[in-house]
Each structure stands twice: as C-alpha cells, then as structure tokens.
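Enquirer: please work out how this folds:
(2 chains)
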Amino acid sequence: DTEVTQTPKHLVMGMTNKKSLKCEQHMGHRAMYWYKQKAKKPPELMFVYSYEKLSINESVPSRFSPECPNSSLLNLHLHALQPEDSALYLCASSQERQGSYNEQFFGPGTRLTVL
Amino acid sequence: EDKVVQSPLSLVVHEGDTVTLNCSYEVTNFRSLLWYKQEKKAPTFLFMLTSSGIEKKSGRLSSILDKKELFSILNITATQTGDSAIYLCAVTGSAGGTSYGKLTFGQGTILTVHP
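Expert: Predicted coordinates:
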C-alpha cells in the first residue's frame, strides 16, 4: 500500500461546528504532516508529527488541534473556524530515518468550506 | 527564513515542445530539493535531489541540481496535454537534527500544454 488516504473529500461547516479531518497511511512512515493550501498558492506547513509526537507547530491558531492516535493515523480537529480557513487541507507522510533524506507523499486532500 | 523562487510563473506551450522550469532557493542546512506535480488535488512526487550534478530521469522528465549556484531545473521533453499541471519545487533543511525536515514550497509554475 503506497498511498495516503484522507476523509472526508469535501466538508462544509459553520463557524460554530466541531469537525475532524482524518488521514491514514500504511507505508510504515513515522513522520506525518498537515498542510493548508489556498487557491493558486503552494501548500503551507501546519504541523509535523514524528513518532506520534508533535514536533513542529507553525504558529497555527488553536482552533486547529492535531492528534496522532497511532503511527498510521493523523487527525485534525476543527472548532470555531473562520471563513478564511476555507482551503484544501493536505496530509503527507514520510520515512523518518536519521541521516537520510525523505520524500513526502501526499494524500488527496480535504476541501474545506467554512460558512 | 527559507525561500524558494520558481520561474516562470506560467507557461503555455504546444504538444511536442520541450520546457524547462527553474527553481532557485535559499535554505538553512540544505538537505534535499523535491519536485512535485499538482493537478486537481494532491501534489504527486516526481524527484528528490540531494547531490549536485547528478541528473534524475523518469520518462520524458528529468531534473538536475546545482548546489553551488542554489538552483534546480526540471525538463519535460515532447510535452503532452497530460503534462498540464502546476509544478512545485520544495526544499528541506534540517530540523533539530532529524531527517524529515520542513518542506518549503515555491509558488509553482503553471504549465499549460495545448494540443
């Protein structure tokens, strides 16, 4: 299995809703990532998990809450979002090996619309 | 702050043409440079380059890195309409000494191939 899967594909939510985005990989990768991508812009890193521990938080607002329940799963919990948070949310994973350079593989993304 | 600049920002060609996409970068503790192709959804991995002067090839696509001049090029020969996409260049630097690093993307080159 050489893919990263994400659910749901599309999500529409109100500003008072609580929802979660899910990401799964079965490639044995120990680093997982959340990116946000606005239209016509490159992906922007939000969070990095390494061995199920949060290692990078790119100053993301607390209304986004990541969780890594195990080495294959990554969640992004959403609460009290703003319309400007509407974007494509991409999950990625990569090998985590000391001294080696690892390409990241991306999931298909969740298209989020906040009303 | 790490920086990646791609040129041109957009390119329109006809099938059969050869194109060269450029990527220049500034990054602390450079580890690797990656090329991705993005159509409607997730970026698809093309190449990872870590050593200067070694060309990587995959079919009609090839890429090379110049670590002295801090740039890379992506060549596509005999272009097809299916090559139409956004081509993203990204670099990784070391992050706390571990290997996964943070991906910093350029703004992308939009390639349109007409029949």
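Enquirer: residue in chain A nearest to chain B?
Expert: Taking C-beta to the nearest C-beta, chain B has its nearest neighbour within chain A at residue A:42, 3.5 Å off. Using the backbone N, CA and C atoms, a C-beta is placed for each residue, glycine as well.
Enquirer: contact partners for the spatially closest residue to that residue that is not a sequence neighbour?
Expert: Closest residue in space to residue A:42, ignoring its immediate chain neighbours: residue B:105 at 3.5 Å, by C-beta to C-beta, 6 or more residues apart in numbering or on different chains. By C-beta atoms under 8 Å, 6 or more residues apart in numbering or on different chains, the residues touching residue B:105 are A:42, A:43, A:44, B:4, B:88, B:89, B:90.
Enquirer: and if you look at residue B:38?
Expert: Residue B:38 neighbours (C-beta under 8 Å, 6+ apart): B:44, B:85, B:86, B:87, B:88, B:108.
Enquirer: follow-up on the earlier one: for the residue nearest to residue A:42, give the beta-bridge partners.
Expert: Beta-bridge partners for residue B:105, by DSSP bridges, are residue B:90.
Enquirer: is chain A contacted by stretch B:81-88?
Expert: Yes: with C-beta under 8 Å from any C-beta of the partner chain as the criterion, chain A is reached by stretch B:81-88 at residue B:88.
Enquirer: circling back: how many other residues sit next to the residue of chain A closest to chain B?
Expert: Using other C-beta atoms under 10 Å in any protein chain shown, the number of residues around residue A:42 comes to 22.
Enquirer: that one and residue B:103 touch, don't they?
Expert: No: here residue A:42 lies out of contact with residue B:103, judged by C-beta atoms under 8 Å, at a distance of 9.5 Å.
Enquirer: find residues that contact each of those two.
Expert: Contact criterion C-beta under 8 Å, 6+ apart; residues shared by residue A:42 and residue B:103: residue B:90.
Enquirer: sorry, back to before: name the member of the contacts of residue B:105 with the most neighbours.
Expert: In terms of neighbour count, residue B:89 stands highest of the contacts of residue B:105 at 31 neighbours, by other C-beta under 10 Å.
Enquirer: beta partners for residue A:12?
Expert: Assigned bridge partners for residue A:12, using DSSP bridges, are residue A:113.
Enquirer: my guess is it contacts residue A:113. True?
Expert: Yes: counting by C-beta under 8 Å, residue A:12 does reach residue A:113; the two are 4.7 Å apart.
Enquirer: what touches both of those two?
Expert: With C-beta under 8 Å, 6+ apart, residue A:12 and residue A:113 have no common neighbours.
Enquirer: now the residue of chain A closest to chain B, what's its secondary structure?
Expert: coil (DSSP: H, G, I helix; E, B strand; the rest coil).
Enquirer: need the contact list for it.
Expert: B:88, B:90, B:105, B:106, B:107, B:108.
Enquirer: let's go with 6 Å and repeat that
Expert: Taking C-beta atoms under 6 Å, 6 or more residues apart in numbering or on different chains, we find residue A:42 in contact with B:88, B:105, B:107, B:108.
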